[in-house]
Every structure is written in structure tokens, then in C-alpha cells.
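Trainee: here's my sequence, what's the structure:
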Amino acid sequence: MNARSVCLSPGWLSSLLGVNGPLTASTFLQPAYHEERHNLDQQIGLAELEHLEAREDKIDVEGALNFSEYVLSNAGRLWVESDLSGEQRLQQALFPRA
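Mentor: I've put the predicted structure just below:
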């Protein structure tokens with residue numbers, strides 16, 4: 001054997017890289033795949049959370065609008081059915097500067 005020829009065992013590269021089993025494309029792609037999947041799962045989770053928060057905000061706004069519409073549509077009846085404290089609160093809500 002001369003200085004240029006090297007005799008390597010069949011699994012020398014696997015041993016060098018610390019990989020158990022045969023070297024395949026998935027051996028090199030798997031860590032990157034898992035990292036990217038983890039990143040995407042985090043992004044999906046954040047997007048779902050933002051969607052839920054936006055939906056809650058929409059429900060809050062719709063509830064406030066529905067209540068406001070009810071008060072404005074029934075102001076006379078609310079006035080008649082209220083005690084003095086209720087009348088004062090209704091007056092303050094409808095005419096804040098009066």
C-alpha cells in the first residue's frame with residue numbers, strides 16, 4: 001500500500017458525522033425539517049391566537065353596538081321605568097354636557 005491509498009471501513013463517514021445507520025438525504029435534511037416545522041408551528045399558534053383575540057374584539061364591539069342601539073331605541077321606556085338614579089345615569093349617557 002502506498003501513501004496515496006487509504007483503506008476505509010464501510011461506515012467511516014457515518015462514524016465521523018456521528019450518525020447511526022446509513023447516510024441518506026433524509027439524514028441531512030431531517031434536522032432542518034424539524035427546526036422549520038417547529039418554527040412554522042409557532043407561527044401558526046401565534047396566528048390562531050391573534051385570530052381568536054380579533055374575534056373576541058369583534059364580539060365586544062358588536063355587543064356594545066347592540067346595547068347602544070337598544071338604549072337609543074328605548075330611551076323613553078327606560079326613562080319611565082327608571083328610578084331617579086337611573087334617570088340621572090340615562091340623562092348623563094344621552095346628554096353628557098347637559
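Trainee: longest helix anywhere in the chain?
Mentor: Counting residues, the longest helix found in the chain (DSSP state H) is helix 25-73.
Trainee: what helices or strands is whichever helix or strand comes after it leaning on?
Mentor: Downstream of helix 25-73, the first helix or strand assigned by DSSP states H and E is helix 75-81. Here helix 75-81 touches helix 84-94, going by 3 or more C-beta pairs under 8 Å, 6 or more residues apart in numbering; DSSP states H and E. C-betas here are computed from N, CA, C, even on glycine.
Trainee: next one: the helix it packs on to chain centre, how far?
Mentor: Averaged C-alpha coordinates place helix 84-94 at 41 Å from its chain's average position (C-alpha atoms, centre = their mean, to the nearest Å).
Trainee: contact partners of it?
Mentor: V71, L72, A75, L78, W79, S82, A98 (C-beta atoms under 8 Å, 6 or more residues apart in numbering).
Trainee: one step back: what angle sits between the longest helix of the chain and helix 84-94?
Mentor: Angle of helix 25-73 versus helix 84-94, following axes from the mean of the first three to the mean of the last three C-alpha atoms, to 10 degrees, is 120 degrees.
Trainee: elements contacting helix 25-73?
Mentor: helix 84-94.
Trainee: then the helix it packs on to PDB, C-alphas only?
Mentor: C-alpha atoms of helix 84-94 as PDB (Å, rounded to 0.1, in the frame of the first residue of the first chain):
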ATOM      1  CA  LEU A  84     -84.200  58.900  40.000                       C
ATOM      2  CA  SER A  85     -80.700  57.300  39.900                       C
ATOM      3  CA  GLY A  86     -81.500  55.500  36.700                       C
ATOM      4  CA  GLU A  87     -82.900  58.700  35.100                       C
ATOM      5  CA  GLN A  88     -79.800  60.600  36.000                       C
ATOM      6  CA  ARG A  89     -77.500  58.000  34.600                       C
ATOM      7  CA  LEU A  90     -79.600  57.800  31.400                       C
ATOM      8  CA  GLN A  91     -79.600  61.600  31.100                       C
ATOM      9  CA  GLN A  92     -75.800  61.700  31.600                       C
ATOM     10  CA  ALA A  93     -75.300  58.900  29.000                       C
ATOM     11  CA  LEU A  94     -77.500  60.600  26.400                       C
END
